[in-house]
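> Provided below for reference: sequence and predicted model.
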Amino acid sequence: MFATLRIALMAIRRNVLRSFLTMLGIIVGIAAVIVGVSMGTGAKAEVDKRIAGLGQNLITVMSGNMSRGGVRGGFGMAPNLSIEDFDAIRQEISQVTAMSPEAGTTAQVASGNQNSSVRVSGVSDEYIDARSWALKSGENFTAADVSNASKICLIGATTAKTLFGEGIDPVGQSVRIKNAPFAIVGWLEAKGSGSFGQDQDDVLLVPYTSVMKRLSGDTKFRFIFVQAESPDAIPLVQEQLKELLRRQHKISDGKDDDFMVSNQQETSDFFNANNRIMTVLIGFFAGISLVVGGIGIMNIMLVSVTERTREIGIRLAVGARGRDVLLQFLAEAVLLSVLGGGVGIAVGYWLAPLLTQLFQFPTLISQSSVILAFTVSAIIGIVFGFFPALKAANLDPIDALRYE
């Protein structure tokens, strides 16, 4: 076997340029496989990380319904979740450990000479528990603060850095939200990007009553977050929420909901389904390139068989078996394909982090993708190299020796 591989390598080295051009299709295809799989794996890991960052056992109730489409579907619909909805959930839904509404607005926030446009979220005192959001320093506001519409807030890591500087504890300081002073009572740990890519740390959390009475004047919520007791409780709580809100909103049978209830797994599945579509499309074009590369290998091996007809005849005449000739040419085809695959893997390893650097797209090269790439390249060599190898093995020694 070693001698067969050595002869195959010598044959490739005799025509380096032709061999490289033959491998181009394989190189492009395998590089696309590596990049495509790394993009899919990286995107899934990023989605899972962001979904986990939302909180544990979290169920999200959102105003609107994506199925309605248009500007009124989903995020385009005006907030329609009320305080009465929130109170009804608190009173009637069991197996819940924490819950909070969210009434958001964007406002100009200032401290001293620094100012920034910041997302101000009106929430309850249970919000950071429902979202599994830890405090770096300070303390959470209380139910009494919510009842009194107190002018206090929790500040996110990005907002704190923007307004007060890197590493400076802002607890005890104050900020002006629409020129109204709010005391900072807590500094939130960094949480990173959310499921839609937004910076979750560029935020001020204030009692929702303060947002409604002092900042926005809104009386409705866009979100209500509910934390179930355990993963097993999520389906039951989710179903109870749907039934309760349909009753609260007086939605008759057969009518669409004017809200959405989703859990983390459903959100993850939604994003991962889109990632899979992208990966499949890249895989499709990679497959086309690999087939073209395989056809190129088959053509060049047929040319090689023709060029080496006398050599084949001599080998057969001195006692070589047809199987030996078949293995020889098959080894050359597989070696061409695997070498192309190796170069393609190297190109993929170079391209994947480049995509991350240029477009901030998450990529993650796994060991399985490298194994897949080598396996695919070897299979292509076997499949597309078999016919030329079989043709060489079946040559008649006498006719081959007469060939000019």
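Received it, and whenever you're ready, just let me know what you need. Residues are numbered from 1 along each chain as shown.

> now do the same end-to-end measure for stretch 108-118.
End-to-end distance for stretch 108-118, by CA to CA, to the nearest Å: 6 Å.

> what's in contact with it?
Defining contact as CB atoms under 8 Å, 6 or more residues apart in numbering, one finds that stretch 108-118 is touched by 106-107, 120, 159, 162-164, 170, 173-178, 202-204. The C-beta positions use only the backbone N, C-alpha and C, and glycine is treated the same way.

> buried ones among these?
The neighbour-count test (16 or more other CB atoms under 10 Å) marks 107, 120, 159, 162-164, 170, 173, 175, 177, 202-204 as buried among these.

> what bridges to the nearest residue to residue 103 once chain neighbours are set aside?
Distance criterion CB to CB, 6 or more residues apart in numbering; nearest residue to residue 103, sequence neighbours excluded, is residue 122 at 3.9 Å. Note on residue 122: beta-bridge partners residue 103, residue 206, judged by DSSP bridges.

> how about the contacts made by residue 122?
101-105, 206-212, 215-216.

> at 6 Å what do you get?
Contacts for residue 122 were tallied using CB atoms under 6 Å, 6 or more residues apart in numbering; they are 103, 206, 208, 211.

> in JSON lines, list those residues along with pLDDT, neighbour count and distance to residue 360.
Listed next are the contacts of residue 122 as JSON lines, based on pLDDT from 0 to 100; neighbours: other CB atoms under 10 Å; distance: CB to CB, whole Å:
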{"residue": "103", "pLDDT": "89", "neighbour count": "26", "distance to residue 360": "31"}
{"residue": "206", "pLDDT": "96", "neighbour count": "27", "distance to residue 360": "31"}
{"residue": "208", "pLDDT": "94", "neighbour count": "25", "distance to residue 360": "33"}
{"residue": "211", "pLDDT": "91", "neighbour count": "26", "distance to residue 360": "32"}
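
> quick one: which of these is nearest to residue 289?
Checking the contacts of residue 122 against residue 289 with CB to CB, the nearest one is residue 103 at 51.5 Å.

> thinking the closest one is in contact with residue 220, fair?
No: with contact defined as CB atoms under 6 Å, residue 103 does not reach residue 220; the gap is 7.4 Å.

> which ones are touching the spatially most central residue of the chain?
By CA atoms, centre = their mean, the chain has its centre lying nearest to residue 43, at 1.7 Å. Residue 43 is in contact with 275, 362, counting by CB under 6 Å, 6+ apart.

> which SS class is it?
With DSSP: H, G, I helix; E, B strand; the rest coil as the basis, residue 43 sits in helix.

> quick one: it and residue 282, what's the gap?
Here the criterion is CB to CB, to the nearest Å. By it, residue 43 lies 11 Å from residue 282.

> check residue 228 too.
37 Å.

> next one: residue 272
In terms of CB to CB, residue 272 sits 15 Å off from residue 282.

> do the same with residue 382
Distance of residue 382 to residue 282, given as CB to CB: 24 Å.

> domain map for the chain?
The record assigns the chain these domain ranges, following automatic domain parsing: 2-48+269-402, 98-227.

> name the nearest residue to residue 293, sequence neighbours excluded.
Distances taken as CB to CB, 6+ apart put residue 25 closest to residue 293, at 2.5 Å, once the chain neighbours are dropped.

> does that neighbour touch residue 296 like I think?
Yes: Residue 25 is in contact with residue 296 according to CB under 6 Å; the separation is 5.2 Å.

> who's more crowded, those two?
Counted by other CB atoms under 10 Å, residue 25 and residue 296 do not tie: residue 25 has more neighbours, with 23 against 19.

> any idea how far the more buried one lies from residue 389?
Relative to residue 389, and taking CB to CB, residue 25 is found at 19 Å.

> list the contacts for the residue nearest to residue 293?
289, 292-293, 296.

> filter the residues you listed to the buried ones?
Neighbour counting with 16+ other CB under 10 Å marks 289, 293, 296 as buried within the contacts of residue 25.

> OK, contacts around the first one?
Spelled out, that is residue 289. By CB under 6 Å, 6+ apart, the residues touching residue 289 are 25, 28-29.

> redo these as JSON lines? Include distance to residue 319 and pLDDT.
Listed next are the contacts of residue 289 as JSON lines, based on distance: CB to CB, whole Å; pLDDT from 0 to 100:
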{"residue": "25", "distance to residue 319": "37", "pLDDT": "89"}
{"residue": "28", "distance to residue 319": "42", "pLDDT": "91"}
{"residue": "29", "distance to residue 319": "39", "pLDDT": "90"}
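
> before we move on, the earlier item: assign a three-state SS to the residue nearest to residue 293, would you?
helix.

> from residue 193, how far off is it?
Distance of residue 25 to residue 193, given as CB to CB: 38 Å.

> again, but for residue 286
In this view, residue 286 and residue 193 are 29 Å apart by CB to CB.

> of these two, which one has the most company?
More crowded of residue 286 and residue 193, by other CB under 10 Å: residue 286, with 23 against 14.

> all helices for the chain, in order.
In the chain, the helices defined using DSSP state H lie at 2-14, 16-54, 83-92, 127-130, 143-147, 157-164, 208-210, 234-248, 264-307, 309-317, 322-359, 367-393, 397-402.

> now these in a markdown table, with distance to residue 255?
Converted to a markdown table, the helices of the chain look like this (distance: least, CB to CB, whole Å):
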| stretch | distance to residue 255 |
| --- | --- |
| helix 2-14 | 70 |
| helix 16-54 | 29 |
| helix 83-92 | 17 |
| helix 127-130 | 29 |
| helix 143-147 | 33 |
| helix 157-164 | 41 |
| helix 208-210 | 29 |
| helix 234-248 | 9 |
| helix 264-307 | 22 |
| helix 309-317 | 78 |
| helix 322-359 | 43 |
| helix 367-393 | 47 |
| helix 397-402 | 81 |
